[in-house]
Each structure stands twice: as C-alpha cells, then as structure tokens.
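# Okay, here's the prediction I keep looking at, along with the sequence it came from:
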Amino acid sequence: MNLLISLMLVFFVLVALLMVLVILMQRPKSEGLGAAFGGAVTENIFGAQTTNVLVKFTTWLAGIFFALTFGLSVLYAHRGTGGESAFRRELMKQQAAPATSPAPAKTQTSPVSSPASSPNQASPASSPAPAAQPTATP
C-alpha cells in the first residue's frame, strides 16, 4: 500500500508541475506570460491551433489531477483505519470473552467489631420492632 501511495504521489507532483507549465504557456488575450516564451514559438511547435490544444491538454491534466487527489485521499484514509480496525478487533475479542475475573469477596465481620465499623451489620435501633402477639382471654 505504501508503494502505491508513493508512486501516486510522484505522478501527482509531475502532473501538477506539467499543469503549471501548460497553463503558463497558454496565450492570454493581453499576451501576458505567454509572450515570455517567445510569442509565436508555441504556434510553431504545436501549430496554428495552439490555444485549442493547450486548453484541451489543461482540461485533461486537471481531470487527472483531481482523480489523483481523490485516489490519494481514499488511500490515506484506508491506511489510517488499518490500526484502528485492529484496535476494534481486539476490543471485540475482549467483549466476546466471558468475564474470568472472580467476583469481589464480601468482607466478613468479626463479632468483636463495633456496629459503626461494619456497614453490613444492622444496628439495633434500625431493626424492626417485634410484632405484638395477640393474647387470648378465657
């Protein structure tokens, strides 16, 4: 995967540089930077229809540029989730495994401990009062 990303990055940089060069070679209406390349040199190299050829070439380069951008973003996103999916798999294994840890043992109170120190022992004040027994009268 890293090899594919590296190759695409090299191709991406080459397309970007070529696109900059082609855009600068295009002749604007005011003969701006296009005149810096010698004015009629591009017409001599590509023919009289230079502007149409350069515009089509720029369009193709722009399409390739955006396709490479999208492809690289997908590859980088896929590479980023590789570690995350392993992390998720490990979490799923831990959740699927039954709990093997023992339950916490209850603390046993000794008979000599005071009621205030052991919360499990009920104090006599809070115990319910015994119910009154009905007495039978003869």
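Noted; the coordinates are in hand. Residues are numbered from 1 along each chain as shown.
# Return the helix or strand in this protein with minimum mean pLDDT.
Sorting the helices and strands of the chain by mean pLDDT, DSSP states H and E puts helix 41-46 at the bottom, at a mean of 61.
# list the helices and strands the very next helix or strand once past it packs on?
With elements assigned by DSSP states H and E, the helix or strand that comes after helix 41-46 is helix 50-96. Under the contact criterion of 3 or more CB pairs under 8 Å, 6 or more residues apart in numbering; DSSP states H and E, helix 50-96 touches helix 2-25, helix 41-46. Using the backbone N, CA and C atoms, a C-beta is placed for each residue, glycine as well.
# Dump the ones you listed to a markdown table, plus distance to Ala62 and mean neighbour count.
Output for the helices and strands packed on helix 50-96, formatted as a markdown table (distance: least, CB to CB, whole Å; neighbours: other CB atoms under 10 Å):
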| stretch | distance to Ala62 | mean neighbour count |
| --- | --- | --- |
| helix 2-25 | 7 | 13 |
| helix 41-46 | 19 | 14 |
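# Those helices: which one's closest to His78?
Smallest distance to His78 across these (CB to CB): 9.8 Å, for helix 2-25.
# Could you list every helix and strand in contact with that closest one?
Counting contacts by 3+ CB pairs under 8 Å, 6+ apart, helix 2-25 is packed against helix 50-96.
# Okay, angle between the helix it packs on and helix 2-25 too, please.
Angle of helix 50-96 versus helix 2-25, following axes from the mean of the first three to the mean of the last three CA atoms, to 10 degrees, is 150 degrees.
# now the helices and strands packed on helix 50-96 as CSV including distance to Phe57?
Converted to CSV, the helices and strands packed on helix 50-96 look like this (distance: least, CB to CB, whole Å):
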stretch, distance to Phe57
helix 2-25, 5
helix 41-46, 9
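# Which among those helices is found nearest to Leu91?
helix 2-25 (26.0 Å).
# Let's see that closest one as CSV, backbone CA atoms only.
Extracted as CSV, the C-alpha positions of helix 2-25 are listed here (Å, rounded to 0.1, in the frame of the first residue of the first chain):
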residue,chain,number,x,y,z
ASN,A,2,2.8,2.4,0.8
LEU,A,3,4.4,1.7,-2.5
LEU,A,4,1.2,2.6,-4.3
ILE,A,5,0.9,5.8,-2.3
SER,A,6,4.5,6.8,-3.2
LEU,A,7,4.0,6.1,-6.9
MET,A,8,0.8,8.1,-6.9
LEU,A,9,2.5,11.0,-5.1
VAL,A,10,5.3,11.1,-7.7
PHE,A,11,2.8,11.0,-10.5
PHE,A,12,0.7,13.7,-8.7
VAL,A,13,3.7,16.1,-8.4
LEU,A,14,4.6,15.5,-12.1
VAL,A,15,1.0,16.3,-13.2
ALA,A,16,0.9,19.4,-11.0
LEU,A,17,4.2,20.7,-12.5
LEU,A,18,3.1,19.9,-16.0
MET,A,19,-0.2,21.6,-15.5
VAL,A,20,1.5,24.8,-14.2
LEU,A,21,3.8,24.8,-17.3
VAL,A,22,0.9,24.3,-19.7
ILE,A,23,-1.2,27.0,-18.0
LEU,A,24,1.7,29.4,-18.3
MET,A,25,2.2,28.6,-22.0
